[in-house]
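Novice: The following block contains a protein sequence and its predicted model.
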Amino acid sequence: MEFLLREARESDMEAVLGLIQELADYEKEPDAVINTVEQLTQDGFGPNKIFDCSVVEIDSEIVGFYLTYISYSTWKGRCLYLEDFYLKPEFRRYGIGKIMFDEIVEKAKKSGVKRMDWQVLEWNEPAINFYEKYGAHLDKEWYNGRLFFE
């Protein structure tokens, strides 16, 4: 299957937001997404850019994306955080997800970070199996802490 994996452009943010909503639906949080195209554009392309995003394009349609940003560990130093990694289900099993994840890992290594972090839901067996093929350490000991502000 032919596809293009490329850096996202401002004009892609509407499609990316649609994929973010699909991911939220899959993760059983359909009402959790409050982000907007305007906010994604500002945060990804504005003067105070805080994330990087790449998209997968097939036949001029954006069918996948990943979004990363630099985080910091007091123990390790600079880290890469993989916030979201999503490919529409009908395009899985063609090796596209592996190519996407390999690119993320390479970007992390080239940027000199000491660690790459992400989260996966405990019931998401396909994703867990995917990450385990990479030898990823999936920690079951730590709780996720979160505060929400409206």
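Specialist: In hand now; what should we look at? This is a predicted model, so every value here is computed, not measured.
Novice: Show me what the strand ranked longest in the chain pairs with in its sheet, parallel or antiparallel.
Specialist: Criterion DSSP state E: the longest strand present in the chain is strand 61-73. Strand 61-73 sits in its sheet next to strand 52-58 (antiparallel), strand 77-87 (antiparallel), going by DSSP bridges.
Novice: so of these, which one's packed in deepest?
Specialist: Most buried of these, by mean neighbour count (mean count of other CB atoms under 10 Å): strand 52-58, with a mean of 19. All C-beta spots, glycine's among them, are computed from the backbone N, C-alpha and C.
Novice: Identify the bridge partners of the spatially most central residue of the chain.
Specialist: The centre of the chain sits closest to Asp84, judged by CA atoms, centre = their mean, with a distance of 2.3 Å. Per DSSP bridges, the residues bridged to Asp84 are Leu67.
Novice: Take the strands paired with strand 61-73 and write them to TSV, including distance to Asn129.
Specialist: Below are these laid out as TSV (distance: least, CB to CB, whole Å):
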stretch	distance to Asn129
strand 52-58	20
strand 77-87	14
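Novice: What residues sit buried inside the longest helix seen in the chain?
Specialist: As assigned by DSSP state H, the longest helix anywhere in the chain is helix 96-111. Neighbour-count burial for helix 96-111 flags Ile96, Gly97, Met100, Phe101, Ile104, Lys107, Ala108 (criterion: 16 or more other CB atoms under 10 Å).
Novice: mind checking pLDDT for the second one?
Specialist: So the one you mean is Gly97. As predicted, Gly97 sits at a pLDDT of 97.
Novice: could you measure it against Phe3, distance?
Specialist: Note on Gly97: its distance to Phe3, by CB to CB, to the nearest Å, is 11 Å.
Novice: And for the third one?
Specialist: When CB to CB is the yardstick, Met100 and Phe3 sit 10 Å from each other.
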